[in-house]
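In: Just to be clear, the model below is a prediction. Sequence and coordinates:
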Amino acid sequence: KAGVTQTPRYLIKTRGQQVTLSCSPISGHRSVSWYQQTPGQGLQFLFEYFSETQRNKGNFPGRFSGRQFSNSRSEMNVSTLELGDSALYLCASKESAGGGETQYFGPGTRLLVL
Amino acid sequence: SQQGEEDPQALSIQEGENATMNCSYKTSINNLQWYRQNSGRGLVHLILIRSNEREKHSGRLRVTLDTSKKSSSLLITASRAADTASYFCATDAGAGGTSYGKLTFGQGTILTVHP
């Protein structure tokens, strides 16, 4: 099976703009989670979608939002970008809601906000 | 905030030596997973150990889990230069065996293996 894919891989935006990142999970996986990785804060959980429903959300402002489509593909959106939003954004997928499953990560989207 | 703390923060060894990394966490967990990351790229899954397991092996990797101490260790035997990377532990702390997708990561251990 193909792995988790993310587009675009690199993105440069300016403060105040908005951005949409896309994630295609492994075929058959219904859970998609998003993470932000920065040198200062490390890897932090943004939110998780399962069968088009957001089931869990991390401690991020409302400028960060997401959605999941019926084919399990997911998008996350960041509005009114700030310099501190510069980060590597990773998505991960797993097959179901079971507690013993591996999350598989995509290559990430590196966002630079100028 | 990070649930896990990893120790050491950095480890430098010679090829052929063993590398041991430790991870501690704070809450009850469904499972604990170890990942590798090369130079800010995506995370590569190494191994998953469930809360009712104590030890697991995969190739040159050996993971232990002590739920009473809320700690885990990753041992890489006979290390190679290609093992140079950052290593992260991540805990899934869902309730009742159900995962809500959230992994909580440690700060990671930077491993450098010198040829």
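Out: Good, I have the coordinates. Numbers count the residues shown, from 1 in each chain, chains lettered A, B, ... in the order given.
In: How many neighbouring residues does the residue of chain B found nearest chain A have?
Out: Per Cβ to the nearest Cβ, residue B:101 is where chain B lies closest to chain A, at 2.9 Å. Where you see a C-beta, it was placed from the backbone N, CA and C, and this is true even at glycine. Counted by other Cβ atoms under 10 Å in any protein chain shown, the residues lying close to residue B:101 total 24.
In: Would you mind giving the secondary structure of it?
Out: Secondary structure, DSSP: H, G, I helix; E, B strand; the rest coil: residue B:101 is coil.
In: Give the bridge partners for the nearest residue to it once chain neighbours are set aside, please.
Out: In this structure, residue B:101 finds its nearest non-sequential neighbour in residue A:48, 2.9 Å apart by Cβ to Cβ, 6 or more residues apart in numbering or on different chains. Residue A:48 has these beta-bridge partners by DSSP bridges: residue A:33, residue A:56.
In: picking that back up, model confidence at the residue of chain B closest to chain A, what's the number?
Out: Note on residue B:101: pLDDT of 81.
In: residues contacting it?
Out: Residues near residue B:101 by Cβ atoms under 8 Å, 6 or more residues apart in numbering or on different chains: A:31, A:32, A:33, A:45, A:48, A:49, A:50, A:55, A:56, A:94, A:103.
In: likewise residue A:73?
Out: Residues near residue A:73 by Cβ under 8 Å, 6+ apart: A:22, A:23, A:24, A:25, A:32.
In: Residue A:54 versus that one, what's the distance?
Out: Separation of residue A:73 from residue A:54 (Cβ to Cβ, to the nearest Å): 15 Å.
In: that older thread, for chain B, state which of the contacts of residue A:73 is nearest.
Out: Using Cβ to the nearest Cβ, the contacts of residue A:73 come closest to chain B at residue A:32, 7.8 Å.
In: List the beta-bridge partners for the nearest residue to the closest one once chain neighbours are set aside.
Out: Excluding its sequence neighbours, the residue lying closest to residue A:32 (Cβ to Cβ, 6+ apart) is residue A:74, at 4.1 Å. In this entry, residue A:74 is beta-bridged to residue A:23, residue A:68, by DSSP bridges.
In: burial count for residue B:80?
Out: Applying other Cβ under 10 Å, we find 12 residues neighbouring residue B:80.
In: per-residue confidence at residue 56?
Out: Answering for chain A, as no chain was given. Note on residue A:56: pLDDT of 90.
In: wait, chain B
Out: Looking at residue B:56, its pLDDT reads 97.
In: That one: neighbour count?
Out: Neighbours of residue B:56 using other Cβ under 10 Å come to 16.
In: hang on, the earlier thing: now tabulate the contacts of residue A:73 in a markdown table and tack on neighbour count and pLDDT.
Out: Listed next are the contacts of residue A:73 as a markdown table, based on neighbours: other Cβ atoms under 10 Å in any protein chain shown; pLDDT from 0 to 100:
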| residue | neighbour count | pLDDT |
| --- | --- | --- |
| A:22 | 15 | 98 |
| A:23 | 27 | 98 |
| A:24 | 21 | 98 |
| A:25 | 27 | 97 |
| A:32 | 29 | 96 |
